[in-house]
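Asker: Sequence and predicted structure are below.
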Amino acid sequence: AQSVAQPEDQVNVAEGNPLTVKCTYSVSGNPYLFWYVQYPNRGLQFLLKYITGDNLVKGSYGFEAEFNKSQTSFHLKKPSALVSDSALYFCATPNAGGTSYGKLTFGQGTILTVHP
Amino acid sequence: KAGVTQTPRYLIKTRGQQVTLSCSPISGHRSVSWYQQTPGQGLQFLFEYFSETQRNKGNFPGRFSGRQFSNSRSEMNVSTLELGDSALYLCASSLGLAGRSTDTQYFGPGTRLTVL
């Protein structure tokens, strides 16, 4: 089955420290990978995506993600965390196999808490 | 550009009733996808519409249905509501061009449905 997994339910980091939210994937063919963020009682906001090219993808709000084919990972990173980064983060892939129109398959989500 | 809008934002219904949710995509986007978000099951794909045609469908019972209008606005309907249908229902829009599973989906704020 084609999927993404987020191995950590929660990540805690101090403000100003670097943060990493992990995602691993299991897809056939060229992997396409997305990161979204969800604030309480809000929809999902797009952060960045990997389609092809550079393994380091830069996105919104200072976030970036590193695609690693050998480790089948696509970890989200930020050099210096802000309290306002506290939210629920999702990794996703449209590589569902077969008919994939309009379908994203999501990881289970990681709650990021940034402490002052 | 205006973002994806969803109405209503909150709904309370009782078991056995039916409900209709509405989604207006970003101008120029022709694809609308619907997702159900619950604490237990996470984000699950319901269906996708493009040019008034359903192109893809998730594993949900026939009580869940949708449609898309010529202006790309979409509605989803849930008939004979069950307690387990309580969830945040999210719609997302994208360009949806054929073969372009890499198009970014932009999400609305969601409709919070509570079934009593």
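Answerer: That came through fine. Numbering: from 1, shown residues only, chains lettered A, B, ... in the order given.

Asker: Checking A:Tyr61 next. Helix, strand or coil?
Answerer: Put simply, A:Tyr61 is helix when judged by DSSP: H, G, I helix; E, B strand; the rest coil.

Asker: next one: the one 4 residues further on
Answerer: For A:Ala65, the assignment made with three-state DSSP gives strand.

Asker: what about the chain, any weak spots by pLDDT?
Answerer: Defaulting to chain A. Low-confidence segments of chain A, defined by pLDDT under 70: A:1, A:96-99.

Asker: Oops, wrong one, chain B.
Answerer: B:98-100.

Asker: Strands of that one, start to end?
Answerer: B:5-7, B:10-13, B:19-24, B:31-38, B:42-50, B:53-57, B:64-68, B:74-78, B:87-94, B:106-107, B:111-115 (DSSP state E).

Asker: Could you list the paired strands of the fourth one along with their orientation?
Answerer: Pointing back at strand B:31-38 there. strand B:42-50 (antiparallel), strand B:87-94 (antiparallel) (DSSP bridges).

Asker: Deepest-packed of those strands, please.
Answerer: Burial of the strands paired with strand B:31-38 is given as mean neighbour count (mean count of other Cβ atoms under 10 Å in any protein chain shown); strand B:87-94 ranks first at a mean of 25. The way it works is simple: take the backbone N, C-alpha and C, and place the C-beta from them, glycine included.

Asker: Up against chain A, what does chain B have?
Answerer: Residues of chain B lying close to chain A by Cβ under 8 Å from any Cβ of the partner chain are B:4, B:6, B:31-33, B:35, B:42-43, B:45, B:48-50, B:55-56, B:58, B:90, B:92, B:94, B:96, B:101-102, B:104-110, B:112.

Asker: Let's check: the centremost residue of chain B is which one?
Answerer: B:Trp34 (2.9 Å; Cα atoms, centre = their mean).

Asker: tell me the contacts of that one?
Answerer: B:23, B:45-48, B:66, B:74, B:76, B:89-92 (Cβ atoms under 8 Å, 6 or more residues apart in numbering or on different chains).

Asker: Same check on A:Tyr89?
Answerer: A:Tyr89 neighbours (Cβ under 8 Å, 6+ apart): A:6, A:21, A:35-38, A:76, A:109-112.

Asker: From the residues you listed, list the buried ones, please.
Answerer: Buried residues within these, counting neighbours by 16 or more other Cβ atoms under 10 Å in any protein chain shown: A:6, A:21, A:35-38, A:76, A:109-110, A:112.

Asker: Return only those of these found close to chain B.
Answerer: A:36, A:109.

Asker: so of the buried ones among the contacts of A:Tyr89, which ones are in strands?
Answerer: Counting by DSSP E, the buried ones among the contacts of A:Tyr89 contribute A:21, A:35-38, A:76, A:110, A:112 to strands.

Asker: which among those residues gets closest to chain B?
Answerer: A:Tyr36 (7.5 Å; Cβ to the nearest Cβ).

Asker: one step back: which one of the contacts of B:Trp34 sits closest to chain A?
Answerer: Nearest member of the contacts of B:Trp34 to chain A, counting by Cβ to the nearest Cβ, is B:Glu48, at 2.8 Å.

Asker: Name whatever forms a beta bridge with the closest one.
Answerer: With DSSP bridges as the rule, B:Glu48 is bridged to B:Ser33, B:Asn56.

Asker: can you pull the contacts of it?
Answerer: Each residue near B:Glu48 by Cβ under 8 Å, 6+ apart is listed here: A:101-103, B:31-34, B:54-57, B:96.
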